[in-house]
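Q: Okay, sequence plus prediction incoming.
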Amino acid sequence: MRACARWRAVGRDSRVCSRFLNASVGFGGSCFKKDILNLVYICESYGLHEVDRYWEAVVAMNEYQEQRFVRTIVHEMFNTIVGKRIALFGFAFKANTNDTRESPAIYVAQKLLEERAQVAITDPKALDNARLHRAMNSENLEFAGGPYEAACGAHAIAVMTEWELYPSLDWERIFESMEKPVFVFDERNILDHKALYKLGFNVYPLGRPPLKHF
């Protein structure tokens, strides 16, 4: 069975559904990691060590996805992001919520700041909760009122949350407002990558070949 057919088959199970199978840097929220670690504890209690190692590996792979995403940003932006403005589109762990608990955007923002980037965060609902994270305390951090403000003067955009707003933005306007060369890292695969490439963006989808101008 081809991969896309397997994806559709698993997504038809209402206990899973396709919403849990979309591209992402990693899962977030207050439940998934906690529930998996509970499984690890139960398996350890019953001596099922191969099984507990399996579930531990799920958490480790989730953390690896976050690390790999940041490494990709740094590598593709000529191995340095010092002083470069990077706009994070979305901070909630999923769309249609203001919940930022265990959001992959927390780790991504932290690491970008450690690399001495200028980080601008925008989110339709989650900005107030984003400000509450202790990791979000830096003179190089800005909370922008909207995506156009966040993108203005930026070298790159990282789409962190699958808000319906983002694909419908005026991307030509965004391109004109940004520093060149312009990068888009779409970790949710919700944008029209070919259209962005034609505008002049260097586009990096998650799990797909990039569209680059150099």
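A: Arrived safely, thanks for sending. This one's a predicted model, so the numbers in the text were calculated from it and none came from an experiment.
Q: Asn129 - how many residues pack around it?
A: For Asn129, the neighbour count with other CB atoms under 10 Å is 18. The C-beta positions use only the backbone N, C-alpha and C, and glycine is treated the same way.
Q: What of Tyr197?
A: Counted with other CB under 10 Å, Tyr197 comes out at 16.
Q: got the contact list for it?
A: Tyr197 sits next to Val203, Leu211, His213 when contact means CB atoms under 8 Å, 6 or more residues apart in numbering.
Q: In terms of distance to Phe89, which of those ranks first?
A: Nearest to Phe89, judged by CB to CB, of the contacts of Tyr197 is Val203 at 13.8 Å.
Q: re earlier: lowest pLDDT pick from the contacts of Tyr197?
A: Ranked by pLDDT, these bottom out at His213 (94).
Q: which SSE is Ile157 in?
A: For Ile157, the element it lies in under DSSP states H and E is strand 156-159.
Q: now for that strand, which elements pack on it?
A: Judged by 3 or more CB pairs under 8 Å, 6 or more residues apart in numbering; DSSP states H and E, strand 156-159 is in contact with helix 49-76, strand 85-89, strand 183-186.
Q: Quick check: buried residues in the longest one?
A: So that's helix 49-76. 52, 55-56, 59, 62, 65-66, 69-70, 72-74, 76 (16 or more other CB atoms under 10 Å).
Q: so who does the spatially most central residue of the chain touch?
A: When CA atoms, centre = their mean is applied to the chain, the residue found nearest the centroid is Met160 (3.3 Å). Each residue near Met160 by CB under 8 Å, 6+ apart is listed here: Val25, Leu88, Phe89, Gly90, Phe91, Ser103, Pro104, Ala105, Val108, Glu187, Arg188.
Q: ok, now which ones touch the fifth one?
A: If a contact means CB under 8 Å, 6+ apart, then Phe91 has 100, 103, 105-106, 109, 121-123, 126-127, 129-130, 160-161 as its contacts.
Q: What is the end-to-end distance of stretch 130-141?
A: Chord length of stretch 130-141, first to last residue, is 11 Å (CA to CA, to the nearest Å).
Q: got a list of contacts for it?
A: For stretch 130-141, the external contacting residues (CB under 8 Å, 6+ apart) are 91, 100, 105-106, 109-110, 113, 116-121, 123, 143.
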